[in-house]
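K.L.:
Kindly generate the corresponding structure for this input.
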Amino acid sequence: MTTGITLQTLTLGPDGPTVPALGVGTWAWGDSLFWDYGKAYDDSDLQAAFQASLEAGLTLFDTAEVYGLGQSERLIGQFMKATGQTPAIATKYFPLPWRFSQQSVAAALTASLERLQVDAVALYQVHWPLDFFLGQKGLMQALATEVKRGRIGAIGVSNYSAQQMREAHGYLAAQGVPLAVNQVQYSLLHRNIETNGVLETARQLGVTILAYSPLAQGLLTGKYTPEANLKPAGARWLNPRFSESGLTKLMPLIQALQAIGETYDRTPAQVALNWLVAQGNVLPIPGAKNARQASQNAGALGWQMTTEEQEQLRGVAGQV
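P.N.:
Sure thing, here's the model as predicted:
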């Protein structure tokens with residue numbers, strides 16, 4: 001994928017920023033607890049991933065203040081400064097128990113903006129629907145204030161249930177501000193939002209779904225097979241799906257992704273991401289730890305599988 005190819009776009013919520021229909025997740029940027037930052041990849045790899053993403057037309061980067069304890073935001077800030085390019089940045093606020101005032105929301109945002117070296121972010125999300133002393137109403141009021149101050153382009157939530165999303169939407173509506181996104185886990189292997197009301201409610205409210213772990217942390221890439229005996233780095237190996245029996249059970253889905261990929265000259269990962277885009281109102285944010293992964297992710301856009309192929313994948317995924 002190179003600059004000049006027209007990519008599908010998506011508007012976040014009713015009137016948020018319009019961005020490519022695929023983003024870049026940066027959980028692994030600077031994180032050595034869950035991921036293997038500093039061992040299998042370093043800052044130069046991540047800078048190459050940043051540059052390759054931009055060159056492929058992917059201009060939405062999703063981060064959070066807790067990713068690498070602020071290191072993910074710092075790296076993105078450094079990369080933007082080094083390249084002179086300012087893509088759309090989405091970051092997240094973590095509702096810690098001791099953040100009990102609306103001022104604490106403003107302070108957390110200020111700290112994120114300083115790490116990112118920017119005056120405003122395109123999207124600011126509440127990382128988890130935790131309620132302590134500052135309830136959801138106060139939290140949404142604080143966020144709405146920041147939209148009016150111009151430091152946030154749009155407001156999002158993350159990991160919110162259908163009911164929690166409705167509640168947040170209502171509190172923001174009272175402030176005259178829309179809810180733009182709900183960032184949740186969604187992939188061919190994790191389709192809970194299709195049955196728990198989140199996907200349906202998001203469509204009703206005009207809220208965009210940001211799909212994290214859209215490749216199921218690598219399981220849908222085809223890289224991990226029972227024969228390869230390849231263990232994922234970091235904490236992922238704890239997931240039983242990465243065991244030999246788990247991977248054996250997964251093979252029919254990998255084979256279906258490969259077969260459809262051959263039709264379009266695409267990889268299993270590109271097919272899995274394209275399937276999510278095809279659901280409508282869904283924006284996957286796969287991670288990229290190097291330039292190759294970033295370029296490959298971008299190949300999920302610019303083409304479309306048939307409805308029959310989409311349903312085939314849904315059916316096979318339901319059996320694994």
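
K.L.:
For the rest of this, base every contact and every neighbour count on C-alpha atoms.
P.N.:
Will do.

K.L.:
any idea how far Pro178 is from the residue most central in space within the chain?
P.N.:
For the chain, the residue nearest the mean C-alpha position is Ile285 (3.3 Å; C-alpha atoms, centre = their mean). Applying C-alpha to C-alpha, to the nearest Å, the value for Ile285 to Pro178 is 22 Å.

K.L.:
Stretch 261-273: end-to-end distance?
P.N.:
Span of stretch 261-273 from end to end, C-alpha to C-alpha: 11 Å.

K.L.:
Next up, the contacts around Val177.
P.N.:
Ala144 (C-alpha atoms under 8 Å, 6 or more residues apart in numbering).

K.L.:
for it, helix, strand, or coil?
P.N.:
The assignment at Val177 comes out as coil when based on DSSP: H, G, I helix; E, B strand; the rest coil.

K.L.:
Now do it against Leu139, distance only.
P.N.:
For Val177, the distance to Leu139 equals 13 Å [C-alpha to C-alpha].

K.L.:
One more: Arg314?
P.N.:
Separation of Arg314 from Leu139 (C-alpha to C-alpha): 37 Å.

K.L.:
can you count the residues close to Lys81?
P.N.:
Per other C-alpha atoms under 10 Å, the neighbour tally for Lys81 reads 14.

K.L.:
Quick check: closest non-adjacent residue to it.
P.N.:
Nearest residue to Lys81, sequence neighbours excluded (C-alpha to C-alpha, 6 or more residues apart in numbering): Gln117, at 7.9 Å.

K.L.:
Please enumerate the strands of this protein.
P.N.:
Applying DSSP state E to the chain gives strands spanning 9-11, 18-20, 24-25, 60-62, 88-93, 121-126, 152-158, 179-185, 208-212, 282-284.

K.L.:
Could you say which of the ones you listed is packed most deeply?
P.N.:
Ranked by mean neighbour count, these are led by strand 282-284 with a mean of 28 (mean count of other C-alpha atoms under 10 Å).

K.L.:
Distance from the chain centre to it, please.
P.N.:
7 Å (C-alpha atoms, centre = their mean, to the nearest Å).

K.L.:
What about Gly176, how many residues nearby?
P.N.:
10.

K.L.:
do Trp29 as well
P.N.:
By other C-alpha under 10 Å, neighbour count at Trp29 equals 30.

K.L.:
While we're on it, how confident is the model there?
P.N.:
pLDDT recorded at Trp29 is 96.

K.L.:
That one touches Val66, doesn't it?
P.N.:
No. The pair Trp29 / Val66 is not scored as a contact, 11.0 Å apart, by C-alpha atoms under 8 Å.

K.L.:
Quick one: residues contacting Ser101.
P.N.:
Counted by C-alpha under 8 Å, 6+ apart, Ser101 has contacts Phe133, Leu134, Gly138.

K.L.:
Just want to check the distance between the residue nearest to Lys81 and Glu244.
P.N.:
Distance from Gln117 to Glu244, by C-alpha to C-alpha: 45 Å.

K.L.:
which residue packs closest to Pro147, ignoring adjacent ones?
P.N.:
If you look again at residue 147, you'll see it is Val, not Pro. Nearest to Val147 is Gly153, by C-alpha to C-alpha, 6+ apart, at 6.1 Å.

K.L.:
who touches the one you found in this structure?
P.N.:
Neighbouring residues of Gly153 by C-alpha under 8 Å, 6+ apart: Gly16, Pro17, Ala120, Val121, Ala122, Leu123, Tyr124, Val147.

K.L.:
So which of those residues is the closest to Thr263?
P.N.:
Of all the contacts of Gly153, Thr263 sits closest to Pro17, with 33.4 Å by C-alpha to C-alpha.

K.L.:
Tell me which residues touch the closest residue to the closest one other than its chain neighbours, please.
P.N.:
Once flanking residues are discounted, Pro17 sits nearest to Thr11: 5.7 Å by C-alpha to C-alpha, 6+ apart. Counting by C-alpha under 8 Å, 6+ apart, Thr11 touches Pro17, Thr18, Val19, Thr208.

K.L.:
among the helices and strands of the protein, which has the poorest mean pLDDT?
P.N.:
The weakest-scoring helix or strand in the chain, judged by mean pLDDT, DSSP states H and E, is helix 244-264 (a mean of 90).
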